[in-house]
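[1] 3D model of this:
(2 chains)
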Amino acid sequence: KAGVTQTPRYLIKTRGQQVTLSCSPISGHRSVSWYQQTPGQGLQFLFEYFSETQRNKGNFPGRFSGRQFSNSRSEMNVSTLELGDSALYLCASSFQQGLEPYTEAFFGQGTRLTVV
Amino acid sequence: AQTVTQSQPEMSVQEAETVTLSCTYDTSESDYYLFWYKQPPSRQMILVIRQEAYKQQNATENRFSVNFQKAAKSFSLKISDSQLGDAAMYFCAYIGAGNNRKLIWGLGTSLAVNP
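    Alright, predicted model coming up:
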């Protein structure tokens, strides 16, 4: 079974530009979550999608948005990039559907975004 | 709001020895899950062990075990017979059992294993 795939692995963008990151979950997983990892702030939750609907959202500005497609693939978009957006962006998928006991989240290898 | 604290930014252990990584958390929820994740240089986050708050018995996975003290809100990870491949960043994480299903993370502990 293929794991969670994130593309691209590395990205360099200029301040003010916008960027789109992609995440393909494990087959059969309908929940996709995104996290930002920086040395100073650690890992912070961005949002979670389930069946094309945003189910949970973290405390990030509106420049950060996402969506999920009918095949469960998810994209994350950051507009008007700032230097502080430089980070590793991790995507995780799980079989989690409702409020049943938590099921494991499987992570991709992340996209390293550098804003210059 | 829930918080997770890892007070040891760096730790080191000799190969074949035992090391314990500390984690404390704060929550007002009664039902939740706690995890230890490992992040090697490849950056892929790997689940090491999980603990359900309602279970009194400490979780164990081969060489990895936890000491879960619910009243003290403490969740430490013990690695026995340390191996070179255990070298990585270790993150403690929390998730509530309610509607807000998001992982809350500690800042991590960098573990070095010396041959």
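
[2] where does the chain have low pLDDT?
    If you meant another chain, say so; for now it's chain A. Across chain A, the ranges flagged by pLDDT under 70 are A:1, A:97-101.

[3] Chain B, not that one
    Ranges of chain B meeting pLDDT under 70: B:99.

[4] go again using 90 as the cut-off
    Applying pLDDT under 90 to chain B flags residues B:1-2, B:29-31, B:42-44, B:55-56, B:96-102.

[5] Tell me how many other residues surround the residue nearest to residue B:8 when sequence neighbours are not counted.
    In this structure, residue B:8 finds its nearest non-sequential neighbour in residue B:109, 4.9 Å apart by C-beta to C-beta, 6 or more residues apart in numbering or on different chains. Placement of C-beta: from N, CA and C, glycine included. Look at residue B:109: counted by other C-beta atoms under 10 Å in any protein chain shown, it has 22 neighbours.

[6] cool, and the one 3 residues further on?
    Residue B:112 is flanked by 13 other residues according to other C-beta under 10 Å.

[7] In chain B, which residue is most central in space?
    Centroid-nearest residue in chain B, with C-alpha atoms, centre = their mean: residue B:36, separated by 3.0 Å.

[8] my read: that one touches residue B:90, true?
    Yes. If you go by C-beta atoms under 8 Å, residue B:36 and residue B:90 touch, sitting 6.1 Å apart.

[9] Please identify every residue contacting each of those two.
    Shared contacts of residue B:36 and residue B:90, defined by C-beta atoms under 8 Å, 6 or more residues apart in numbering or on different chains, comprise B:21, B:48, B:77.
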